[in-house]
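J.: Return a 3D structure for these sequence lines:
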Amino acid sequence: MFRKKFKKKEEPLWKSFQYALDGLFSSFQTERNLIIHVCVMILIIACGFLFQISVPEWIICVILFGLVIGAELMNTALEITVDICSPEIQPKAKLAKNTAASAVLVLVFAACVIGLLIFVPRVYVVLEKMF
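T.: A predicted model of the protein is given here:
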């Protein structure tokens, strides 16, 4: 059995966080869908305060925010990687990109259903009081 020796990184730990933030800010500049997800997240946070959702509901929302935005960032990374590896159009490259995008879509759909389960009853109560 061979054991590969890994060289310790010479850079300080904070540099790793800097690279991650650079990737996040770069994605905001180039990815329209990421901006849409963040705008929806801000809207849901405002609705959460307005309708006074419970702590467990906040936890669910925060987990879903992280999953959807994380999936969108992973999708972006995969699309860029495929574009680098396969600059010409290839059916398998297209399938990889479409499949990654569909993973985000599935998460967004699930998040929407959960959001409706959390917020529709509260909206219904408000509308019931108005009419």
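J.: In space, what's closest to E31 - neighbours in sequence excluded?
T.: Spatial nearest neighbour of E31, chain neighbours left out: T76 (5.4 Å); criterion: Cβ to Cβ, 6 or more residues apart in numbering. All C-beta spots, glycine's among them, are computed from the backbone N, C-alpha and C.
J.: neighbours around the one you found, how many?
T.: 20 (other Cβ atoms under 10 Å).
J.: For stretch 59-68, buried residues please.
T.: 60-61, 64-65, 68 (16 or more other Cβ atoms under 10 Å).
J.: Can I get it in PDB? Just the C-alpha atoms.
T.: The C-alpha coordinates for stretch 59-68 follow below in PDB (Å, rounded to 0.1, in the frame of the first residue of the first chain):
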ATOM      1  CA  ILE A  59     -34.700  26.800  10.400                       C
ATOM      2  CA  ILE A  60     -36.500  25.100   7.500                       C
ATOM      3  CA  CYS A  61     -36.300  28.300   5.400                       C
ATOM      4  CA  VAL A  62     -32.600  28.900   6.200                       C
ATOM      5  CA  ILE A  63     -31.800  25.300   5.200                       C
ATOM      6  CA  LEU A  64     -33.700  25.700   2.000                       C
ATOM      7  CA  PHE A  65     -32.000  29.000   1.200                       C
ATOM      8  CA  GLY A  66     -28.600  27.300   1.600                       C
ATOM      9  CA  LEU A  67     -29.600  24.300  -0.500                       C
ATOM     10  CA  VAL A  68     -31.000  26.300  -3.400                       C
END
